[in-house]
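K.L.:
Predicted model follows, preceded by the sequence.
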Amino acid sequence: MNQDEFTRKAKKWDSNPERKRIADNFAAAVEKAVDFTEKSEVLDFGCGTGLVGLRFGKRVKTLYALDTSAAMLDMLNAKLADEDFGNVVVIPVALHEAVLRNDSLDAIFTSMAMHHVENLPEVLEQMRKLLKKDGKLVIGELLPEDGSFHGDNVVPYNGFEPEYLAEMVTNAGFYAVEHQNLGIYNKPDKEGVVRQYGTFVLIGRK
């Protein structure tokens, strides 16, 4: 999905109850996988409006919220101006441009963002470098779909076979990689017909 499409959708992003439900499901999986403490430094990659990440902000030392969509980050910054979500550092650039130290993060989590990443193997390797030893990577993603999820917009990946993504994560240097189904995402296609798309969560450890 291009930046113009994100700009068009940003203001109504949080009002979609199905998107909120999927965010809740993924956040529950993150909660189960990650031991958040007041000393934790974590990264929400492709944070969007903060639907997932902000719920953890007050529980950690620092929540880094990274996204390249200015419109999405405008919505996030409006939330931060209205309410105290803890120490949230907004990063409005791609991961390779972010000023983050290697071996500094306790966890990285990302929901419905990896299928937008063209240089995925390189991004996974960079994520591994940023994580501390035993740090967790938690990915929420689509199962393979026919391209209808994004309508006329072309993305690098129309979902993933979990085993394929697990192999990519393993090749990037993670171990103890596991995955499980996360549920169904109900979404209208470009003709307005509600379609069902499978989702899954994948967890790896540095």
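P.N.:
Right, received. Where do you want to start?
K.L.:
Just give the nearest non-adjacent residue to G204, would you?
P.N.:
Setting aside the residues directly before and after it, G204 is nearest to F174 in space (Cβ to Cβ, 6 or more residues apart in numbering), at 3.4 Å. Where you see a C-beta, it was placed from the backbone N, CA and C, and this is true even at glycine.
K.L.:
Looking at this protein, which helix is longest?
P.N.:
Criterion DSSP state H: the longest helix present in the chain is helix 17-33.
K.L.:
check contacts around the residue nearest to G204.
P.N.:
124, 128, 137, 204-206 (Cβ atoms under 8 Å, 6 or more residues apart in numbering).
K.L.:
Equivalent analysis for P121, please.
P.N.:
When contacts are counted by Cβ under 8 Å, 6+ apart, P121 touches 168, 171-172.
K.L.:
Sitting in helices, which of those residues do you find?
P.N.:
168, 171.
K.L.:
Looking at the contacts of P121, which is nearest V89?
P.N.:
A172 (24.2 Å; Cβ to Cβ).
K.L.:
any idea how far the closest one is from R128?
P.N.:
Counting by Cβ to Cβ, to the nearest Å, the separation of A172 from R128 is 5 Å.
K.L.:
One more: F149?
P.N.:
Separation of F149 from R128 (Cβ to Cβ): 28 Å.
K.L.:
what do you get for R59?
P.N.:
According to Cβ to Cβ, R59 and R128 sit 24 Å apart.
K.L.:
Using JSON lines, lay out the contacts of P121 together with distance to D67 and pLDDT.
P.N.:
Formatted as JSON lines, the contacts of P121 follow (distance: Cβ to Cβ, whole Å; pLDDT from 0 to 100):
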{"residue": "M168", "distance to D67": "22", "pLDDT": "98"}
{"residue": "N171", "distance to D67": "26", "pLDDT": "98"}
{"residue": "A172", "distance to D67": "21", "pLDDT": "98"}
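K.L.:
Which of the three states applies to L124?
P.N.:
Following DSSP: H, G, I helix; E, B strand; the rest coil, we place L124 in the helix state.
K.L.:
Skipping adjacent residues, who's closest to G151 in space?
P.N.:
Nearest one to G151, counting by Cβ to Cβ, 6+ apart, is K190 at 4.0 Å.
K.L.:
Show me what counts as buried in stretch 69-89.
P.N.:
69, 71-73, 75-77, 80, 85, 88 (16 or more other Cβ atoms under 10 Å).
K.L.:
That should have said stretch 88-96, apologies.
P.N.:
88, 91-92, 95.
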